[in-house]
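Asker: Dropping the sequence and predicted coords here.
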Amino acid sequence: MDFDNSKPIYLQIVDFFYENILVKRWQEEERIPSVREVAMMVEVNPNTAIRAFNHLQDLEVIYNKRGIGYFVSSNGYTKVLEIKRKEFMEQLLPEVVKKMSLLGITFDELKNAYNQQENEKK
Amino acid sequence: MKQEFNLSRIGLFMRRDLAIYKGTFSTGLLVAIVLIFLFSILNMVWDQQLDLGEFFGIFGLFYIPVGVLFTFSVFREFNNPKSNHLYLALPISIPERLAAKWLLTSVVYTLVFTFLAIIVGTFAVTMGTIVFNADFTLLSFFSEEYWKVVKVYFIIQPLFLVGAITFAKNRIGKTILVLGLLVLGFMLFNFILFGIFNHSYGVFSENSLGSEAISKAGTDFSTIGSWFYGLLFGPLMLVVAYFKMTEKEV
Amino acid sequence: MLTVRHLNFNYPSSRPVLKSINLDFRPGNIYGLFGKNGEGKSTLMKIMTGLLFPKTGDCTLDQVSAKKRSVLGLQHIFLVPEDFELPSLSIATFEKTQSPFYPEFSKEQFYTLIEEFKLYPTEVISKLSFGQKKKVLIAFGIATNTKVLLMDEPTNGLDIPSKSQFRKVMASTVDETKCVVISTHQVRDLHSLINHVVILDNARVVFDYALGIVSERLWFGKPSNSDEPSILYSESSFGGKAILPRMGNNETEVDLELLFNGVLSEPHKINTILKNTHDETGV
């Protein structure tokens, strides 16, 4: 895993979890890799990995079955979706809006570009 | 103390040394054995016999130098600043290290060397009996000649052990120099003692007695002296080796 | 666990290499020991292993002094030096003759690591490249399962894929019972592994903090103009990054290289801010 230098590594690991859950690679109620496995996978100090697990547990995205391991919560997908949507609205969008006004891009222009991209996908 | 002196660790350490210096040991032994064989044969060509004195003379000629060589070689790792971290950081105490090195280069070495030499010697004698019509001699290490050689080795070997630990370069040369100086020192010491004890008898009144004193001192050195020094010198050197090993750094 | 107290060291007739060093290494952590070349990192590691004797002061592992070189002490510490030679044995023979001295040694782990490093037990060590020899010793060191594992510039001589292998291996071996100390000047190779930084400069410890505390109190990144007065340290290069007090800002990843340079040029400013955190949080 290549790390972005500014964001704390544990949050980058959290993002890695979110992505796996959003693309349904990790299903709800499914066991996810252990702390050690994750630490190995992303080549980080196990303490950093533990911090990521704790963060996700606090947000109730994952839970711990004692002695067995960590699992995605039954409503894990919805939780992640909620978190990521909030993040988009509160962090990414303001940035985009700021850039738009800086570059003089109107909302209509954006809408056209958006539709065009959606059509291309189809 | 039990933690710091463990026989199985000594065994393991000897096994480790044997594995590391396998090449040196086998080459050294092979060369020595071949030469003992050739010398024995030559000796029988010369006078149609190989008595015990002659054989153990040849034996000593190789047994002692090869032993000294091995003593120096087992400290190669110890003296190499690039490899001695592995030696120094190994969880084994100094008494165990010393015991293992000493056992390997004196007891084990002597057993192996004697065994091989007797076999090769018997083989040479048998061949000599058949080919050159030489007298047959039964080579046995229950002979005075053998034990004399072994005794000499056991007395001087600890000094070479100390030399191998102390000097980093030209170890053998420096140790032999020290040995020479020690022998000279002992001779002088005995000479002076002899002079003091016999002063009242007017030893020095005649010039000829000076040389007699030296020969007397020599005799002393080989009788009571050798007993005294032999019993004391070896252990003393091992103690020196212990302290030298303790203060060794990378 | 591993404690260094009032340690002084100098080589015969040379300037002091280590001056009144006090350090505590605790289990469950990977320590990064940084310093310019010749600042005594290797010397400190050798003293901790009992390979060198301190002039004054002491270094103890669970109350056992390193300079005694007792079996009990040595069984719990392993050093992978920067530059070394190994006996010319096969990897398997090396393991067989060397491992019985370490009570916690795991054969299985050793051969798994050897395989992971793409080596074969039958290979003769003296015929391997330096990087491969290093892997053999690293694998052995990890498999000894000593309480303390010291590694001096472990990534020196490793190629890029091997460095990644090394990080994976390290990430999988550390647990709450072990303490790893890695000295390096290649900060980039290891920044994701280390969680506590010790910096040596001018023979002294000038920095000794867990990265958790650093990221709690300091902010790393490109400063805006309004930040100018509070900058603790900035790189002179164009658009340079800087270290600032974090205040209410988002947590950033600790930029170890920047931190190292910052500590060397502004040790007091940076230490003062971190020290205050210490007091406030009672850590």
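Answerer: Yep, that arrived.
Asker: Which residues of the stretch 101-250 of chain C lie near chain B?
Answerer: C:101-102 (Cβ under 8 Å from any Cβ of the partner chain). C-beta: built from backbone N, CA, C; applies to glycine.
Asker: Could you tell me the backbone phi and psi angles at the residue of chain A most remote from its centre?
Answerer: Going by Cα atoms, centre = their mean, the residue of chain A most distant from its centre is residue A:104, 30.3 Å out. Dihedral angles of residue A:104 (phi, psi; degrees, to the nearest 10) stand at phi 70, psi 30.
Asker: Ok, residue C:207 next?
Answerer: Torsion angles, degrees, to the nearest 10, at residue C:207: phi -160, psi 140.
Asker: For the closest residue to it other than its chain neighbours, which residues count as its bridge partners?
Answerer: Using Cβ to Cβ, 6 or more residues apart in numbering or on different chains and skipping the chain neighbours, the partner closest in space to residue C:207 is residue C:199 (3.8 Å). Note on residue C:199: beta-bridge partners by DSSP bridges are residue C:34, residue C:207.
Asker: Just confirm residue C:199 contacts residue C:262, I think it does.
Answerer: No. Under the criterion of Cβ atoms under 8 Å, residue C:199 is not in contact with residue C:262, lying 10.0 Å apart.
Asker: got the residues of the stretch 151-283 of chain C near chain A?
Answerer: Contact residues (Cβ under 8 Å from any Cβ) of the stretch 151-283 of chain C with chain A: C:164, C:167-168, C:171-172, C:174-175, C:192-195, C:215, C:220-221, C:251-253, C:255.
Asker: tell me which element residue C:121 falls in.
Answerer: Counting by DSSP states H and E, no helix or strand carries residue C:121.
Asker: do you know how far it is from residue C:134?
Answerer: Applying Cβ to Cβ, to the nearest Å, the value for residue C:121 to residue C:134 is 17 Å.
Asker: Which of those two has more residues huddled nearby?
Answerer: Under the criterion of other Cβ atoms under 10 Å in any protein chain shown, the comparison of residue C:121 against residue C:134 puts residue C:134 first, with 27 against 15.
Asker: What residues does the more buried one make contact with?
Answerer: Residues near residue C:134 by Cβ atoms under 8 Å, 6 or more residues apart in numbering or on different chains: C:80, C:154, C:156-158.
Asker: wait, what's in contact with the closest residue to residue C:176 other than its chain neighbours?
Answerer: Spatially, and ignoring its direct neighbours in sequence, residue C:176 is nearest to residue C:28 (4.3 Å; Cβ to Cβ, 6+ apart). Residue C:28 is in contact with A:47, C:174-179, counting by Cβ under 8 Å, 6+ apart.
Asker: again with residue B:109
Answerer: For residue B:109, the contact set (Cβ under 8 Å, 6+ apart) comprises B:67, B:70.
Asker: just to revisit the earlier point, quick one: which of the contacts of residue C:134 has the most company?
Answerer: The contacts of residue C:134, ranked by neighbours (other Cβ under 10 Å): first place residue C:154, 27 neighbours.
Asker: hang on, it packs against residue C:186?
Answerer: No. Residue C:154 is beyond contact range of residue C:186, at 9.5 Å (criterion: Cβ under 8 Å).
Asker: Could you pull out the residues contacting both of residue C:199 and residue C:262?
Answerer: With Cβ under 8 Å, 6+ apart, residue C:199 and residue C:262 have no common neighbours.
Asker: Please name the nearest non-neighbouring residue to the closest residue to chain B within chain A.
Answerer: Closest residue of chain A to chain B, Cβ to the nearest Cβ: residue A:45 (25.7 Å). Once flanking residues are discounted, residue A:45 sits nearest to residue C:195: 4.7 Å by Cβ to Cβ, 6+ apart.
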